[in-house]
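>>> below are the sequence and a predicted model; questions follow.
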Amino acid sequence: MAARRSPAAAPQQGANPWPGVSLRQQLPVPKASSSSQIEAGRFSVATHQARADHGREASSPTEISKSGWKDILVRTWKEKANDNLGLVAAGVAFYFLLAVFPAIGAFISIYGLMYDPAEAQQQMSDVMAVMPAEARDILQAQIQQLAQRGGGTLGLSAVIGILLAIWSSMKGTSALMTALNIVYDEQEDRGFVYLKFVTFLITFGAFVFVAASLALIAAAPAVLEHMGLGNWVETAIQYARWPVLALLFMFLLAVLYRFAPSRSAPKWRWVTLGSVTGTILWIVGSLLFSWYASNFGSYNETFGSLGAVILLLMWFYITAFIILLSGELNAEVEHQTKKDTTSDRKEPMGQRDAYVADTVGERH
């Protein structure tokens, strides 16, 4: 009878059951995740969650899902009709027409204090290149008439004249601010003095935009010629002026959407999409309208001597409609999320002093 084998002793807790084999070599020890990896993982999870619920938890427009964008586009189309956007844009265009000539007078007066007013005529012609030819002729005639008066000195009468011209041109800005209150479903509750101050700042910003446009269009060629760069470099920079102008217009729209409505200002990320969309639509719409008016329009035959004025008014209408429609898009994008779009303090809904931030839009 064979001798019974004695049972192997049970390994002690924590001992290596395979002598001679290193557990450290066989079982890889996971590396500790860095803080950046952890944060990236959290961001990925948060983004996925935000997109999964139509963007209700979105902290920026980029976190909204395709289904959420469908909701936004459907609501934008419906709100366009509910807010009578075409009628509102027509009213804004009328006030633009009343404001444009005082605005030109104010700009020529300010320009004449520093430069020859006659130079502004050619420079502003380049800025107005996207306008229909007949409408452009009206403004050029007004510019020429004002430029022939020559420059002046910064006296009391000049200051008063400039301030009155700016005040008159504020009518267009005021009408646009009222229209954006309609777009954002807000009631005007700012005091008279503060409201006029905001209106003046936005109007002044428009003057700065025109001045910067003239500087890019008129001054850039002279500066490039003086620098003596190569022909291909000068040509590239010449063409680069127009994208820069588009960026300036985009920034002007962003400022308008952020500060014009009577509400707590949204974060910049919530007005960027409308600004980009508005800029693209305005450039394309202006060029298409100019092409149509030049090739198929019969405004002069229909309206006679008023044809050019009607063309200018129509261009103002297209401009106002595009600005307001892009504002509707901004409002509905902001309306899609429950997160606070106005402040980093993350105020609860109902305490953000902005209708589209205090409520959420319906799903479709």
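In hand now; what should we look at? Numbering: from 1, shown residues only.
>>> can you list the low-confidence ranges for the chain?
Within the chain, the stretches with pLDDT under 70 are 1-52, 113-123, 126-127, 149-158, 215-226, 228-230, 233-234, 237, 297.
>>> now do the contacts for the residue positioned nearest the centre of it.
Note on the chain: the residue nearest the mean C-alpha position is Ser275, at 2.1 Å, using C-alpha atoms, centre = their mean. Each residue near Ser275 by C-beta atoms under 8 Å, 6 or more residues apart in numbering is listed here: 250-251, 253-254, 257, 326. (Each C-beta comes from the backbone N, C-alpha and C, glycine too.)
>>> now the closest residue to Phe251 other than its chain neighbours: how far from Gln142?
Counting by C-beta to C-beta, 6 or more residues apart in numbering, Ser275 is the residue found nearest to Phe251 once chain neighbours are left out, at 7.4 Å. Separation of Ser275 from Gln142 (C-beta to C-beta, to the nearest Å): 29 Å.
>>> would you map the helices across the stretch 151-300 of the chain?
156-183, 192-214, 220-227, 231-259, 269-295, 299-303 (DSSP state H, counting those that start in this stretch).
>>> surely Thr341 touches Thr359?
No - the pair Thr341 / Thr359 is not scored as a contact, 11.6 Å apart, by C-beta atoms under 8 Å.
>>> show me the contacts for Ala236.
Contacts of Ala236 (C-beta under 8 Å, 6+ apart): none.
>>> against Pro243, how distant is it?
11 Å.
>>> do Ser262 as well
From Ser262 to Pro243 the distance is 33 Å (C-beta to C-beta).
>>> ok, Gln336 next?
30 Å.
>>> more crowded one of these two?
More crowded of Gln336 and Pro243, by other C-beta atoms under 10 Å: Gln336, with 25 against 9.
>>> setting aside sequence neighbours, what's the nearest residue to that one?
Ranked by C-beta to C-beta, 6+ apart and with sequence neighbours excluded, the top spatial neighbour of Gln336 is Gly55, at 4.8 Å.
>>> cool, Leu98 as well?
Lys171 (5.6 Å).
>>> residues in contact with the one you found?
So Lys171 contacts 95, 98-99 (C-beta under 8 Å, 6+ apart).
>>> okay, now Met349: neighbour count?
12.
>>> let me know the secondary structure of it.
coil (DSSP: H, G, I helix; E, B strand; the rest coil).
>>> on that earlier part again, from Ala211, how far out is the residue nearest to the centre of the chain?
Counting by C-beta to C-beta - Ser275 and Ala211 are separated by 20 Å.
>>> cool, Ala240 as well?
Counting by C-beta to C-beta - Ala240 and Ala211 are separated by 19 Å.
>>> over to Gln144?
From Gln144 to Ala211 the distance is 19 Å (C-beta to C-beta).
>>> just Gln145 next, same as before
Gln145 sits 21 Å away from Ala211, taking C-beta to C-beta as the criterion.
>>> same check, this time on Ala246
17 Å.
>>> one more: Leu245?
For Leu245, the distance to Ala211 - C-beta to C-beta - is 12 Å.
>>> likewise for Ala357?
In terms of C-beta to C-beta, Ala357 sits 34 Å off from Ala211.
>>> ok, Gln140 next?
18 Å.
>>> okay, those two: which has more neighbours?
Using other C-beta under 10 Å as the criterion, Gln140 and Ala211 rank with Gln140 on top: 17 against 13.
>>> can you give me the neighbour number for the residue nearest to that one when sequence neighbours are not counted?
Sequence neighbours aside, Ser125 is the residue nearest to Gln140 in space, at 6.1 Å (criterion: C-beta to C-beta, 6+ apart). Residues within reach of Ser125, counting by other C-beta under 10 Å, total 15.
>>> point me to the helix or strand that includes Ser125.
Applying DSSP states H and E as the criterion places Ser125 in helix 117-127.
>>> past that helix, which element shows up next along the chain?
That would be, after helix 117-127 and using DSSP H and E, helix 133-147.
>>> Lys339 in helix, strand or coil?
Once three-state DSSP is applied, Lys339 turns out coil.
>>> what's the spacing between the closest residue to it other than its chain neighbours and Ala212?
Among residues not flanking Lys339 along the chain, Ser59 sits closest, at 5.4 Å (C-beta to C-beta, 6+ apart). According to C-beta to C-beta, Ser59 stands 33 Å off from Ala212.
>>> what of Gly112?
18 Å.
>>> the two: which is more packed in?
Gly112 (21 against 14).
>>> tell me the contacts of Glu332?
So Glu332 contacts 72, 75-76, 79, 356, 361 (C-beta under 8 Å, 6+ apart).
>>> then Met177?
Counting by C-beta under 8 Å, 6+ apart, Met177 has contacts 198-199, 202, 260-261.
>>> rerun that using 7 Å as the cut-off
199, 260 (C-beta atoms under 7 Å, 6 or more residues apart in numbering).
>>> ok, it to Gly274 distance?
Taking C-beta to C-beta, one finds Met177 at 15 Å from Gly274.
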